[in-house]
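**Q** how would this look folded up:
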Amino acid sequence: AGGGTQHNNPRRKMRKAIPIGWLRTAMIPAAAGACAAMSPARAARCDASPSGGWGLFGRRSIASAAPDPANIAKMPPIKMYQYEICPFCNKVKAVLDYHGVPYTTVEVNPLTKKEFKVTKELPDGHPAKGYRKVPITSFGAGEGIDVVGDSPLILARVVEELSEAGVIPPKVAQEWTDPKVAGWVRWCDAKLAVLLFPNLTRTYADSYNAFGYVMSAPNFSMADKMSNLVAGSLAMWLAQGKIKKKYAIEDERAALKQCIGDWVE
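**A** Presented below is the predicted three-dimensional model:
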């Protein structure tokens with residue numbers, strides 16, 4: 001699938017401080033955007049002073065306490081097969097970006113899906129054998145490479161790797177099993193992610209703009225780019241109504257605003 005695109009991003013710096021721990025690392029884009037849109041009085045609650053380091057529901061600046069480069073270097077090579085606009089892919093990348101972990105991304109062709117050969121070629125009995133959804137993530141290199149499919153499983157593996165490398169303290173790794181954390185992670189998948197698609201594809205123009213990312217995919221030919229831009233945009237727009245009907249969404253804008261409001265509160 002080619003070498004992919006390397007991401008050596010430091011943690012994304014944002015002005016607003018939002019709840020820390022795994023509740024937040026999976027929700028950086030939504031929570032930060034919600035804080036930015038608030039009234040000054042309400043936003044001030046997002047900027048509350050730190051209440052004690054890594055506490056699960058504490059608060060601190062997202063730009064503080066940069067990870068130790070020596071520990072980051074202990075992380076295995078990470079490669080993610082993705083759709084750039086996929087919320088489940090971005091959920092995993094938000095955690096990696098927050099902790100300053102470098103990784104490589106490979107765009108999956110939405111029409112041919114030929115990049116899924118990475119799971120097709122896995123040995124029989126491997127949990128990810130034949131998995132054909134994004135994200136798919138590989139950890140390690142050479143003979144020691146392992147492939148994981150499905151974002152909840154990928155995040156669990158990321159937590160494990162972060163803990164073993166010393167990027168996060170054991171207490172934070174243990175928070176991953178906390179019922180409240182698990183509940184918010186499920187909320188991210190079952191509530192927020194579901195609402196993003198109909199909001200991105202309200203009109204054909206919206207869908208076309210959203211699918212514009214394919215034009216910068218380094219592993220796509222020009223024919224791949226144009227066919228995906230035209231056919232992919234149309235398919236996404238036509239699917240919008242089915243998604244709204246499936247999840248009983250009447251007003252996608254209002255539903256998304258309420259969903260993010262639930263998180264911020």
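**Q** how about Ile78: which residues does it bridge to?
**A** Ile78 has these beta-bridge partners by DSSP bridges: Phe139.
**Q** right, and it touches Thr137 too?
**A** Yes - applying Cβ atoms under 8 Å, one finds Ile78 in contact with Thr137, separated by 6.4 Å. Bear in mind the C-beta positions are built from the backbone N, C-alpha and C, glycine included.
**Q** which one of these two is surrounded by more residues?
**A** When Ile78 and Thr137 are compared for neighbours, Thr137 comes out ahead with 28 against 22, by other Cβ atoms under 10 Å.
**Q** what comes into contact with the helix or strand where that one lies?
**A** Following DSSP states H and E, one finds Thr137 within strand 136-139. Strand 136-139 is contacted by residues 76-81, 92, 116, 118-119, 128, 145-149, 154, 157, 161 when judged by Cβ atoms under 8 Å, 6 or more residues apart in numbering.
**Q** 7 Å instead?
**A** 76, 78-81, 92, 118-119, 128, 145-149, 154, 157, 161 (Cβ atoms under 7 Å, 6 or more residues apart in numbering).
**Q** give me the distance from that strand to the chain's centre.
**A** From the chain centre to the centre of strand 136-139 is a distance of 14 Å (Cα atoms, centre = their mean, to the nearest Å).
**Q** buried set for the helix or strand harbouring Lys242?
**A** Here Lys242, judged by DSSP H and E, is contained in helix 233-246. Of all the residues in helix 233-246, those buried under the rule 16 or more other Cβ atoms under 10 Å are Ser233, Met236, Trp237, Gln240, Ile243, Lys244.
**Q** what mean pLDDT does it have?
**A** The average pLDDT within helix 233-246 is 94.
**Q** and what of stretch 76-88?
**A** The average pLDDT for stretch 76-88 rounds to 96.
**Q** ends of that stretch, how far apart?
**A** 21 Å (Cα to Cα, to the nearest Å).
**Q** report the mean per-residue pLDDT for stretch 251-265.
**A** Computed over stretch 251-265, the mean pLDDT rounds to 94.
**Q** I meant to write stretch 202-215 there.
**A** Average pLDDT, stretch 202-215: 95.
**Q** list the buried ones in it?
**A** Asp206, Ser207, Tyr208, Ala210, Phe211, Val214.
**Q** would you map the helices across the stretch 101-250 of the chain?
**A** Ranges of helices in the stretch 101-250 of the chain, per DSSP state H, counting those that start in this stretch, are 117-120, 151-165, 170-175, 179-187, 193-200, 204-210, 222-227, 233-246.
**Q** can I get the ones you listed in a markdown table including distance to Tyr98?
**A** Shown next, in a markdown table, are the helices of the stretch 101-250 of the chain (distance: least, Cβ to Cβ, whole Å):
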| stretch | distance to Tyr98 |
| --- | --- |
| helix 117-120 | 26 |
| helix 151-165 | 10 |
| helix 170-175 | 12 |
| helix 179-187 | 15 |
| helix 193-200 | 18 |
| helix 204-210 | 24 |
| helix 222-227 | 31 |
| helix 233-246 | 28 |
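**Q** so which of these gets nearest Glu265?
**A** Of all those, helix 179-187 sits nearest to Glu265, with 12.5 Å by Cβ to Cβ.
**Q** got the buried residues for that closest one?
**A** Across helix 179-187, burial judged by 16+ other Cβ under 10 Å covers Val181, Trp184, Val185, Trp187.
**Q** which single one of the residues you listed is nearest to Gln174?
**A** With Cβ to Cβ as the yardstick, the closest approach to Gln174 among the buried residues of helix 179-187 comes from Val181, at 9.9 Å.
**Q** could you double-check that the closest one lies in contact with Ala173?
**A** No - the pair Val181 / Ala173 is not scored as a contact, 11.1 Å apart, by Cβ atoms under 7 Å.
**Q** by how many degrees do the helix holding Lys242 and helix 193-200 diverge?
**A** Here the directions of helix 233-246 and helix 193-200 differ by 130 degrees (axes from the mean of the first three to the mean of the last three Cα atoms, to 10 degrees).
**Q** could you say what helices and strands helix 233-246 packs with?
**A** helix 193-200, helix 204-210 (3 or more Cβ pairs under 7 Å, 6 or more residues apart in numbering; DSSP states H and E).
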